[in-house]
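Student: with the input below, show me the fold.
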Amino acid sequence: MEQVVLDRQGPDTSATRMVWRGGAVSARAGPGPVGTLRAVTGCAQMEAQLGRLEAQGHADEAIAERLTSQGFRSPQRPRVLASTGQTLRLRHGRLHRDRGPRPRRVPGGLPVSQLAPALGGKAHWMYHLISRGRIIGGREEARGLSLCPDRPETLEAWRQLRDGQGTELRG
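Tutor: Purely as a prediction, here's the structure:
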């Protein structure tokens, strides 16, 4: 081998040319690893195609296989990883219909995550009061939720506590 020439043709593609003794030349071009998904050639087209496939109800693994067969790839791999598809899907706020968020409704109980917006407050303030023992309520262990009774007087008691008219709340 007499000479090797590397040519960066784009953010994620490069070409290698080898000149052999006697004048023969070998060339190869292809994708290379990059640091971010945005640097991958065709990222916008891959995102659009992923959106269409996800809307049809395909799982991340099936979407990754389909995108790979169409010539797309992940930043560090020559194929599309399921995690790359998941990242793009979640970036657009699309949860899988079959694997959505955990149900947060418990009959007879009101979780802090639903109570806070109803009071115009922040959940971390409520969790702080619970940890200090100023709020004594139930806990739904299966879902890991702090619960207050789902009654109109509960909301009123929280409002009084928020406004400084009470010191403690028992549920």
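
Student: can we go C-alpha only for contacts and neighbour counts from here?
Tutor: Fine.

Student: any weak-confidence spans in this protein?
Tutor: Along the chain, segments meeting pLDDT under 70 span 96-106, 135-146, 167-171.

Student: how about the strands in it?
Tutor: 3-10, 13-19, 25-31, 109-111, 135-136, 138-140, 145-149, 169-170 (DSSP state E).

Student: contacts only, for the spatially most central residue of the chain.
Tutor: When Cα atoms, centre = their mean is applied to the chain, the residue found nearest the centroid is Leu90 (4.0 Å). Leu90 makes no contacts at all, as judged by Cα atoms under 8 Å, 6 or more residues apart in numbering.

Student: could you redo the strands of the chain as CSV and give each row distance to Arg79 and mean neighbour count?
Tutor: What follows is those, written out as CSV (distance: least, Cα to Cα, whole Å; neighbours: other Cα atoms under 10 Å):
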stretch, distance to Arg79, mean neighbour count
strand 3-10, 18, 12
strand 13-19, 14, 15
strand 25-31, 11, 13
strand 109-111, 42, 20
strand 135-136, 52, 18
strand 138-140, 43, 14
strand 145-149, 40, 20
strand 169-170, 56, 16
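
Student: which stretch among those comes nearest Leu81?
Tutor: strand 25-31 (15.6 Å; Cα to Cα).

Student: give me the domain ranges for the chain.
Tutor: 37-91, 109-170 (automatic domain parsing).

Student: turn the strands of the chain into a markdown table, columns for distance to Gln70.
Tutor: Shown next, in a markdown table, are the strands of the chain (distance: least, Cα to Cα, whole Å):
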| stretch | distance to Gln70 |
| --- | --- |
| strand 3-10 | 20 |
| strand 13-19 | 17 |
| strand 25-31 | 15 |
| strand 109-111 | 45 |
| strand 135-136 | 56 |
| strand 138-140 | 47 |
| strand 145-149 | 44 |
| strand 169-170 | 59 |
